[in-house]
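[1] Kindly generate the corresponding structure for this input.
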Amino acid sequence: MPIIREIAAHWNGSQLVSDEKSPQGGKMSRTFELSKDGRQVYETISIERGKNRGSLSVRYVYDTARFEQSAERSRFRSGPARDEKAF
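    Numbering: from 1, shown residues only. The predicted model follows:
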């Protein structure tokens, strides 16, 4: 059974930010924000690993799907078309 955790987040201007602490005392923050043109989502993960281990920052960039692509994909996931039979 998967472990599900709820993590508090807050808005910092246009960024959605969550802050967490590890059992070993390290800190991690995760930030999501939309690009100015609205075509990409940025996710930045910053980890502070303690005084002797330094910090780490990773940034992911996601392209948003066009509406037509999303509608096309969801059509295939929603089941057989009216004139098709499920196997």
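[2] I'd like the distance between the residue most central in space within the chain and residue 24.
    Relative to the mean C-alpha position of the chain, the nearest C-alpha, by C-alpha atoms, centre = their mean, is the one of residue 43, at 6.4 Å. Residue 43 sits at a distance of 23 Å from residue 24 (criterion: C-beta to C-beta, to the nearest Å). C-beta here means a position set from N, CA and C on the backbone, and glycine is covered the same way.
[3] Ok, residue 42 next?
    In terms of C-beta to C-beta, residue 42 sits 27 Å off from residue 24.
[4] Between those two, point out the one with more neighbours.
    When residue 42 and residue 24 are compared on other C-beta atoms under 10 Å, the one with more neighbours turns out to be residue 42, at 14 against 8.
[5] Quickly list what that one is bridged to.
    Following DSSP bridges, residue 42 is listed with bridge partners residue 33, residue 61.
[6] Per-residue pLDDT of it, please?
    The predicted local confidence for residue 42 comes out at a pLDDT of 97.
[7] I'd say it and residue 58 touch.
    No - using C-beta atoms under 8 Å, residue 42 is not in contact with residue 58; the gap is 11.2 Å.
[8] where does the protein dip in pLDDT?
    Per-residue confidence for the chain (pLDDT under 70) gives these ranges: 67-87.
[9] one step back: doesn't residue 60 make contact with the residue nearest to the centre of the chain?
    Yes - with contact defined as C-beta under 8 Å, residue 43 reaches residue 60; the gap is 4.4 Å.
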